[in-house]
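Visitor: With the sequence up front, the predicted model follows.
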Amino acid sequence: MRFSVYQVSRRGGREKNEDRMGYCYTRDAGLFALADGMGGHPEGEVASQLTLQTMALQFQRDAKPGLSDPAGYLSDSVLNAHHQLLRYSADKGLPDTPRSTVVAAVIQRNKCYWAHCGDSRLYLVRGGKLVARTRDHSYSELQDALGRATPAGERFNRNVLFTCLGSPGKPMVDLHGPMVLEPGDRLLLCSDGLWGTVSDEIITEQLASRQITDSVPDLVELALRNGGPRCDNVTVLAVEWEGTDEGEDSLQDGESHSTQALGDDDFASTIQSANNAERPNELDDAEIDRSVREIQDAIQQRAAKQKKS
């Protein structure tokens, strides 16, 4: 597989950033995930971090090097993350359970599967058009889906979710796919800090017309400006699918990831380890960049060795 990734998280007018994002991959499969810890409940940053860690650990266990059932993995890992939050709350004796939304995509070979719970979104853009978007598990989105007009005075209810991870009842998880990807397809996973102030039309146009390394940071800055002093945190992870590695010997450029040189048991990840749960309030961008560089160096070294042998 060959793909490009760009990810960024910015704290808006909130006291802390409770969003988390990351990706991991083997030779044949990649997981891209984003979680948004929910305000009004304790330790939202822990909820989002535990969600991603749980999904990454299960991906590492099951992808050898591919997943036997990508859709089943997504469903199981999201529910396992939910139960992990319940256990965490019980172990800590918290009066309420930390809660989080989540959106995640698996790309295996040239097929994409995705799942979400809550109002973190996935956009899929192809040929300048929006071909897929997740539907939020919120009051206003439900009314729109049912064709019912929501009175203007009730638009505040867009933030009211009827399901999430860590809630007392079993969470609702929507699954989609497989969709066969074409070279140039772009996926964007984001928290509500982006789509809450930037329209789907602008997100689609920017994602379609410019490189993700240019469009994503500009979209984030636009969301922060539109949101004003009380803007929500804005977190985005974007992926451009470049195709399979068949016939390719090395990376095309510095922004691309190629998995061709990975062995059957190799696993690479930018999702922070459990040790970082002790200091989860802010994303460590330097640590993420370091992880990406280490992954790229390891792949390039392995490819160089294969050429010599």
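Guide: Great, that's in hand.

Visitor: Is it correct that Phe267 is in contact with Arg27?
Guide: No - the pair Phe267 / Arg27 is not scored as a contact, 9.4 Å apart, by Cβ atoms under 8 Å. For glycine as for every other residue, the C-beta is placed from the backbone atoms N, C-alpha and C.

Visitor: Looking at the two now, which is surrounded by more residues?
Guide: Under the criterion of other Cβ atoms under 10 Å, the comparison of Phe267 against Arg27 puts Arg27 first, with 22 against 18.

Visitor: Grab the nearest non-local neighbour of Arg230.
Guide: Spatial nearest neighbour of Arg230, excluding adjacent residues (Cβ to Cβ, 6 or more residues apart in numbering): Gly13 at 4.4 Å.

Visitor: Just give me the neighbour total for the one you found.
Guide: 12.

Visitor: Report the contact partners of it.
Guide: Gly227, Gly228, Pro229, Arg230, Cys231, Asp232 (Cβ atoms under 8 Å, 6 or more residues apart in numbering).

Visitor: doesn't the first one fall inside a strand?
Guide: Spelled out, that is Gly227. No - counting by DSSP: H, G, I helix; E, B strand; the rest coil, Gly227 is located in no strand; its state is helix.

Visitor: how much space between it and Tyr139?
Guide: From Gly227 over to Tyr139 the distance is 21 Å, taken as Cβ to Cβ, to the nearest Å.

Visitor: any chance you could map the helices in the stretch 151-300 of the chain?
Guide: 192-195, 200-209, 212-227, 285-308 (DSSP state H, counting those that start in this stretch).

Visitor: Name the surrounding residues that touch the second one.
Guide: Where contact means Cβ under 8 Å, 6+ apart, the residues beyond helix 200-209 that reach it are 123, 125, 127-130, 133, 186, 188, 190, 194-195, 215-216, 218-219, 222, 238.

Visitor: which of those residues count as buried?
Guide: 123, 125, 130, 133, 186, 188, 190, 194-195, 215-216, 219, 222, 238 (16 or more other Cβ atoms under 10 Å).

Visitor: got the residues you listed as JSON lines, with pLDDT and distance to Gly169 columns?
Guide: Below are the buried ones among the contacts of helix 200-209 laid out as JSON lines (pLDDT from 0 to 100; distance: Cβ to Cβ, whole Å):
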{"residue": "Tyr123", "pLDDT": "98", "distance to Gly169": "28"}
{"residue": "Val125", "pLDDT": "98", "distance to Gly169": "34"}
{"residue": "Leu130", "pLDDT": "98", "distance to Gly169": "32"}
{"residue": "Arg133", "pLDDT": "97", "distance to Gly169": "26"}
{"residue": "Arg186", "pLDDT": "97", "distance to Gly169": "35"}
{"residue": "Leu188", "pLDDT": "98", "distance to Gly169": "30"}
{"residue": "Cys190", "pLDDT": "98", "distance to Gly169": "26"}
{"residue": "Leu194", "pLDDT": "97", "distance to Gly169": "28"}
{"residue": "Trp195", "pLDDT": "96", "distance to Gly169": "26"}
{"residue": "Ser215", "pLDDT": "97", "distance to Gly169": "38"}
{"residue": "Val216", "pLDDT": "97", "distance to Gly169": "35"}
{"residue": "Leu219", "pLDDT": "98", "distance to Gly169": "34"}
{"residue": "Leu222", "pLDDT": "97", "distance to Gly169": "36"}
{"residue": "Ala238", "pLDDT": "97", "distance to Gly169": "32"}
